[in-house]
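[1] Provided below are the primary sequence and the corresponding predicted coordinates.
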Amino acid sequence: MEIREVERPTAGEGEIVVEVRAALTCGTDRKILERGHPKFSPPLVMGHEFSGDVVEAGEGAPFRVGDAVMCGTSGSCGNCTACRDGARNRCESPTREIAWGAFARLVRVPRRVVAENVYLKPADLSYEAAAFLDPLACVARGFARLGLRKSDHLLVVGTGPIGLLWIAAAAHAGLERISALGKGESRLSLARQWGAEVYDLSRHERPPAAPRVVECVGTPAAWAEAFALTSPGGSVLFFGGCAPGTSVALDAGRFHYEEITALGSFHYRPEEADCARRWLASRVVDPTPLVSGEGNLDDLSSFLARMRAGEGFKYVVRP
Ligand SMILES: [Zn+2]
Ligand SMILES: [Zn+2]
């Protein structure tokens, strides 16, 4: 990883250039650097969870210079099979647009991203809270995939930032019972504070099986554990992406005789970004306890090192 000067972005038709006020570190950043990612390969400017101020608006863009905005990262084509199926999150078009590169002072947000996934930031919502739009929208997508209802018992496997966001959102949704399997005292105490029954992996505690399980780690071992902890007739959502080329072995007998439903979830559709916006704007989900520190671009490598060491949750970069 290195810091270098790049060309100043400009806004084309329908596009905006955003001066980044808060960009969050994410487990995905670390995964891209350490083990590769099926959709992103370096060299690239990283940073994809951000909010800021519009400093340039192209012709026809629905925002003005000075607007404070919170940004999703994708823009779909609307024409491919996935888009026509209502799955804009899986748009297959080579013209699918991405707003990526928020670890920089300025970031260009392409036209379709602007049209689908960018919102005005409420004045009383902090920039760092607004930057949670992207990860929370992914959680909203997972909610839709699992078809969660109030009467459900949800088990969250993994208590990293994403697992904790799941707990916060599930608590807001008024789920009857939330349990969590994870490790690390600060993580487990936040999970407890947000309403989960907590099981400590480092003490070999094991939660009872649940009818709804979400895996939030992204390793084959955690996928297998989440499957093992799904009760008969239940559904498991594999939410954490594994390294490219990973295979996972599941017990075929349980799958068949116990009628377990296994689901995947990727990214989010505009309606789920809007759901995340509402969660944040109405304060029903307050992600700020997940911010463990802040700094500028020079601090980024130490933030990533701290994340690797399991220290803290997410860090705010203010370029
Ligand atoms: Zn992310
Ligand atoms: Zn498409």
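    Alright, I've got the coordinates. Numbering: from 1, shown residues only. Ligands and ions are numbered 1, 2, ... in the order given.

[2] quick one: classify the spatially most central residue of the chain as helix, strand or coil.
    Centroid-nearest residue in the chain: Pro135, 2.3 Å away (criterion: C-alpha atoms, centre = their mean). Recorded secondary structure, Pro135: helix (DSSP: H, G, I helix; E, B strand; the rest coil).

[3] repeat for Val284
    Per three-state DSSP, Val284 ends up coil.

[4] isn't it right up against His172?
    Yes. Between Val284 and His172 there is a contact at 4.4 Å, judged by C-beta atoms under 8 Å. C-beta here means a position set from N, CA and C on the backbone, and glycine is covered the same way.

[5] between these two, tell me which one has more neighbours.
    Neighbours per residue (other C-beta atoms under 10 Å) separate Val284 from His172, with His172 holding more: 16 against 13.

[6] does stretch 265-281 come close to ligand 1?
    No. Using C-beta under 5 Å from the ion, stretch 265-281 never reaches ligand 1; the gap is at least 10.0 Å.

[7] switch to numbering from 3
    Renumbered: residue one is now 3, and that last one reads stretch 267-283.

[8] in that stretch, what counts as buried?
    267, 269-272, 274-279, 281-283 (16 or more other C-beta atoms under 10 Å).

[9] tell me the one of the residues you listed nearest ligand 2?
    Arg271 (11.3 Å; C-beta to the ion).

[10] got the phi and psi for the residue of the stretch 103-252 of the chain found nearest ligand 2?
    Closest to ligand 2 within the stretch 103-252 of the chain is Arg114: 9.5 Å, counting by C-beta to the ion. The phi/psi pair for Arg114 (degrees, to the nearest 10) reads phi -70, psi -30.

[11] tell me how many other residues surround it.
    Count around Arg114 with other C-beta under 10 Å applied: 23.

[12] ok, it - contacts?
    77-79, 98-99 (C-beta atoms under 8 Å, 6 or more residues apart in numbering).

[13] closest one of those to ligand 2?
    Once C-beta to the ion is applied, the member of the contacts of Arg114 that ends up nearest ligand 2 is Cys79, at 3.5 Å.

[14] so where does that closest one fall, helix or strand?
    Under DSSP states H and E, no helix or strand contains Cys79.

[15] what of Gly236?
    Gly236 belongs to strand 232-240 when assigned by DSSP H and E.

[16] parallel or antiparallel, which strands does that strand pair with?
    When pairs are called by DSSP bridges, strand 232-240 turns out to pair with strand 212-217 (parallel), strand 263-266 (parallel).

[17] please identify the most buried of those.
    strand 212-217 (a mean of 25; mean count of other C-beta atoms under 10 Å).

[18] may I have that strand as CSV, with CA atoms only?
    C-alpha atoms of strand 212-217 as CSV (Å, rounded to 0.1, in the frame of the first residue of the first chain):
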residue,chain,number,x,y,z
ALA,A,212,-31.3,-21.6,15.9
PRO,A,213,-33.9,-21.5,13.0
ARG,A,214,-32.3,-18.5,11.5
VAL,A,215,-28.5,-18.2,11.3
VAL,A,216,-26.2,-15.6,9.7
GLU,A,217,-22.5,-16.2,9.2
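
[19] same for the very next helix or strand once past it, what does it pack against?
    Remark: after strand 212-217, the chain's next helix or strand is helix 222-230, criterion DSSP H and E. Contacts defined by 3 or more C-beta pairs under 8 Å, 6 or more residues apart in numbering; DSSP states H and E place helix 222-230 against strand 155-159, strand 212-217, strand 232-240.

[20] if anything else comes up later, I'll come back, but that's it for now.
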